[in-house]
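Participant: Sequence first, then the predicted structure, then my questions.
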Amino acid sequence: MKLLASLLLLLAPLLAGAEPWVYTRASVLTVTDGDTLRVRIETEPDHYWEPRIRLSDGSRRIWQAPEMNTEEGRAAKAALERLLEGCEQVVVRIYRHDKYGGRVNGDLAYCGRDSLLADLVEAGWVR
């Protein structure tokens with residue numbers, strides 16, 4: 001079942017017809033919680049953008065980690081930090097601006113892995 005969910009996550013942008021913006025020169029600055037992080041993207045030499053990214057697969061589905069005011073939420077954040085540990089560079093895929101403003105919906109390829117969101121879903125931290 002988890003394998004099927006991971007496969008659907010990877011195929012969702014294609015099924016939804018979404019073409020993400022892809023940035024190959026990026027790094028993670030901070031992890032906010034179990035499904036949100038801030039990255040630094042080099043858009044051109046010496047020009048940077050530092051968006052907050054809410055993890056998304058490009059579909060309209062809402063993926064959520066437990067809230068930070070719970071023990072499970074703090075554990076989800078720690079799990080996300082462990083996954084990103086040692087990753088100096090990531091590839092960022094941005095699908096759209098978050099409906100609440102100030103964030104974008106996207107995903108990361110990191111440490112030789114294709115999808116941070118798929119890995120979190122497979123591990124059970126994001127539902």
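Facilitator: All right, it came through fine.
Participant: Okay, strands next: where are they in this structure?
Facilitator: With DSSP state E as the criterion, the chain has strands at 21-33, 36-44, 47-49, 52-55, 90-97, 103-110.
Participant: Show residues contacting the longest one.
Facilitator: Spelled out, that is strand 21-33. 37-43, 50, 52, 65, 67-68, 73, 76-77, 80-81, 84, 87-94, 108, 110 (Cβ atoms under 8 Å, 6 or more residues apart in numbering). All C-beta spots, glycine's among them, are computed from the backbone N, C-alpha and C.
Participant: buried ones in that strand?
Facilitator: 23, 26, 28, 31, 33 (16 or more other Cβ atoms under 10 Å).
Participant: And stretch 40-47, by the same measure?
Facilitator: Under the neighbour-count criterion of 16+ other Cβ under 10 Å, stretch 40-47 has 40-41 buried.
Participant: Just the CA trace of it, in CSV.
Facilitator: The C-alpha atoms that make up stretch 40-47 are tabulated as CSV, following Å, rounded to 0.1, in the frame of the first residue of the first chain:
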residue,chain,number,x,y,z
ARG,A,40,17.5,29.0,-0.7
ILE,A,41,17.4,28.9,-4.5
GLU,A,42,20.0,30.5,-6.7
THR,A,43,17.8,31.9,-9.5
GLU,A,44,20.8,33.4,-11.3
PRO,A,45,24.4,34.1,-10.2
ASP,A,46,24.4,36.0,-6.9
HIS,A,47,20.5,36.3,-6.9
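Participant: quick one on the thing from earlier: adding mean pLDDT and distance to residue 117, write the strands of the chain out as JSON lines.
Facilitator: Converted to JSON lines, those look like this (pLDDT from 0 to 100; distance: least, Cβ to Cβ, whole Å):
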{"stretch": "strand 21-33", "mean pLDDT": "97", "distance to residue 117": "14"}
{"stretch": "strand 36-44", "mean pLDDT": "97", "distance to residue 117": "11"}
{"stretch": "strand 47-49", "mean pLDDT": "97", "distance to residue 117": "20"}
{"stretch": "strand 52-55", "mean pLDDT": "96", "distance to residue 117": "4"}
{"stretch": "strand 90-97", "mean pLDDT": "96", "distance to residue 117": "10"}
{"stretch": "strand 103-110", "mean pLDDT": "96", "distance to residue 117": "5"}
